[in-house]
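A.B. asks: Mind folding the following:
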Amino acid sequence: FLLVAMLGGLRIGIQNSEFIFLRPALISLVFAVALIALFFRAKLIDFDGWFSEDYSALRNTANGAVFLTLFAASAQVFNSLLPEQGLPFWVVAFCFFWTLWNNLFADFDTRKLLRSLGALFGFAFVAKYLVLANFVSAEEGSWLYRVWQNPGQEAITYLLDLPRFAPATGYLQFFALLFYLVGLFFLSPKPPETNVQKA
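C.D. replies: Got it, this is the predicted structure:
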């Protein structure tokens, strides 16, 4: 999850291949809180198994650090999948909001939740890095040159206010999303130490 938290805000510039780190929007933090609530409702995380007054302070602190890393990774996943600005940002954000809001009041088990998240995140990834990315004109030459070469694509880029990033950004975010989903699959409702008999 720590790797996902670091990669989620990373973008690759299209001109000099520079690293660009984007902080998550406030709505990404709100979505992360809703997602953590879903984890508790679906029993993906058992709060009593992670934190207890019977545990040592060191153990509670270590579990708290893992929990915060999970929250940061969740926020960065939304940061990765949400378009950076413009109309696409609000459209995808509304889809996330509507889905998470409905899921908060639905009956979920762990397996059903993971399938739902896989489908939701997969759809958002395709929409951003395959569909919208193809609408973005390559930033080569002057604005007049780009308009002359492909006026339709340049107009869509301008109207939708789509930023330009290198194709490597999509590959990075694909692996970040994959690591996140695999991490959720192997996430235990209770840390392994909870299986040890308490003193």
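A.B. asks: how about the closest residue in space to Thr69 that isn't next to it in sequence, what does it touch?
C.D. replies: The shortest distance from Thr69 to any non-neighbouring residue, by C-beta to C-beta, 6 or more residues apart in numbering, is to Phe1 (4.5 Å). C-beta here means a position set from N, CA and C on the backbone, and glycine is covered the same way. Each residue near Phe1 by C-beta atoms under 8 Å, 6 or more residues apart in numbering is listed here: 66, 69-70, 72-73, 180, 183.
A.B. asks: Need the buried ones from these selected in PyMOL.
C.D. replies: Applying 16 or more other C-beta atoms under 10 Å to these, the buried members can be selected in PyMOL as follows:
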select buried, resi 69+70+72+73+180+183
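A.B. asks: and the least confident of the contacts of Phe1?
C.D. replies: Note: of the contacts of Phe1, the lowest pLDDT belongs to Val66, at 82.
A.B. asks: Longest helix in the protein, please.
C.D. replies: For the chain, the longest helix by residue count, based on DSSP state H, is helix 57-81.
A.B. asks: which is the next helix or strand following it?
C.D. replies: Going down the chain from helix 57-81, the next helix or strand is helix 86-104, by DSSP states H and E.
A.B. asks: ranges for the helices of the chain?
C.D. replies: 2-7, 26-41, 47-50, 57-81, 86-104, 110-126, 133-135, 143-149, 151-160, 168-186.
A.B. asks: Contacts only, for Ser28.
C.D. replies: When contacts are counted by C-beta under 8 Å, 6+ apart, Ser28 is found next to 75-76, 78-79, 82.
A.B. asks: Can you tell me which of those comes closest to Arg115?
C.D. replies: Nearest to Arg115 among these, counting by C-beta to C-beta, is Phe78 at 18.7 Å.
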